[in-house]
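# Build me a model:
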Amino acid sequence: MARESLLTQSQKGFLLHAFTASGAIAGLLALGAVMSGHIRAGLIWLIVCQLIDGFDGPLARRIDISTHAPQINGHILDLVVDYVTCVVVPVALLVELNMLPKGQELWFAALIIFTGALWFARTDQETDDHWFNGFPAAWNIVVPTLLILDTNTATKQLVIIFLCGLSLSKVQFPHIVRVTKFRPLTLSIAFIYFISLTWLSAQYPDGPSWVKPILIIAPAYIVALSIWKTWFSKSD
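Predicted structure coming up:
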């Protein structure tokens, strides 16, 4: 005889909404750590945000959260939390660590905040086959990567301008988990990248130099995949 669950589907739904919302708390802790000068702790809390964001979606689909906990719109909740953790906190990291010359950082920060807000408000964010239209404002990955790799000023400026422009474009970026095309390869590369980013974040500003090139290979793969999807393919 199957053992009955201690929680109803509705209760599971509300707990999952709470789990998603906890990402905002992790973002606040990341922000507090950065503002206090504890950069390593801030990077680790950003990793925690990524973990929460990575798990809540599959769990929501598994329990059909829109049916069992409809009082809270999980999609809107996810967007609110993601804007905090993917845009606001990384921008604070960019400014607080003076990653750009004085007089420039606020302009670039404003550009990220502005284009990020527009992307999160897009009605065509995701295609039917789960590709994002435009760069999905994943600054929680970009800014720590630029920081850990200690890129020069020109590289930071070009990357920010390029990705901000792509946020408003129709260039398609893969949803790492949901896109089926090349999924085993994409998930493998994403997993190796995430482990490497976590490792280097935990040891920042130190860490083995041989791991750092992985932080370049993974984004290069995503860019190549986006080019293929946007200009050479009609399906996922």
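# which stretches of the protein form helices?
Using DSSP state H, the helices of the chain run over 9-35, 39-63, 65-68, 74-83, 89-96, 105-120, 139-149, 153-167, 183-203, 214-232.
# okay, the last one in PDB with CA atoms only?
Once side chains and other backbone atoms are set aside, the C-alpha atoms of helix 214-232 remain, and they are given as PDB (Å, rounded to 0.1, in the frame of the first residue of the first chain):
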ATOM      1  CA  ILE A 214      36.500  26.800 -18.600                       C
ATOM      2  CA  LEU A 215      34.800  30.100 -17.800                       C
ATOM      3  CA  ILE A 216      35.500  31.200 -21.400                       C
ATOM      4  CA  ILE A 217      34.700  27.900 -23.200                       C
ATOM      5  CA  ALA A 218      31.200  27.600 -21.800                       C
ATOM      6  CA  PRO A 219      30.000  31.100 -22.900                       C
ATOM      7  CA  ALA A 220      31.600  30.600 -26.300                       C
ATOM      8  CA  TYR A 221      29.600  27.400 -26.700                       C
ATOM      9  CA  ILE A 222      26.400  29.200 -25.800                       C
ATOM     10  CA  VAL A 223      27.100  32.000 -28.300                       C
ATOM     11  CA  ALA A 224      27.800  29.400 -31.000                       C
ATOM     12  CA  LEU A 225      24.600  27.600 -30.200                       C
ATOM     13  CA  SER A 226      22.700  30.900 -30.300                       C
ATOM     14  CA  ILE A 227      24.100  31.800 -33.700                       C
ATOM     15  CA  TRP A 228      23.200  28.300 -35.000                       C
ATOM     16  CA  LYS A 229      19.700  28.500 -33.700                       C
ATOM     17  CA  THR A 230      19.000  32.100 -34.900                       C
ATOM     18  CA  TRP A 231      20.400  31.900 -38.400                       C
ATOM     19  CA  PHE A 232      20.700  28.300 -39.400                       C
END
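# Least reliable of the helices of the chain by average pLDDT, please.
Mean pLDDT across these is lowest at helix 65-68; the value there is a mean of 72.
# What are the contacting residues of that one?
Contacts of helix 65-68 with the rest of the structure, by CB atoms under 8 Å, 6 or more residues apart in numbering, involve 9-10, 12-13, 16-17, 59-60, 74. Where C-beta positions appear, they are placed from N, C-alpha and C, glycine not excepted.
# For D128, which of the helices of the chain is the nearest?
For those, the distance to D128 is smallest for helix 214-232, at 13.2 Å, taking CB to CB.
# For that closest one, name the packing helices and strands.
helix 139-149, strand 172-174, helix 183-203 (3 or more CB pairs under 8 Å, 6 or more residues apart in numbering; DSSP states H and E).
# Just say which of these is most tucked in.
strand 172-174 (a mean of 24; mean count of other CB atoms under 10 Å).
# who does that strand pair up with?
Within its sheet, and counting by DSSP bridges, strand 172-174 is paired with strand 131-133 (antiparallel).
# G54 contacts H175, correct?
No: judged on CB atoms under 8 Å, G54 makes no contact with H175 at a distance of 11.1 Å.
# and A18, how many neighbours?
Using other CB atoms under 10 Å, A18 is surrounded by 11 other residues.
# can you check G207 too?
15.
# mind checking how far it is from L94?
20 Å (CB to CB, to the nearest Å).
# Adding distance to H38, write the helices and strands packed on helix 214-232 out as TSV.
TSV is the format used below for these (distance: least, CB to CB, whole Å):
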stretch	distance to H38
helix 139-149	14
strand 172-174	31
helix 183-203	12
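# Of all these, which one is nearest L79?
Checked against CB to CB, the stretch from the helices and strands packed on helix 214-232 lying closest is helix 139-149, at 14.2 Å.
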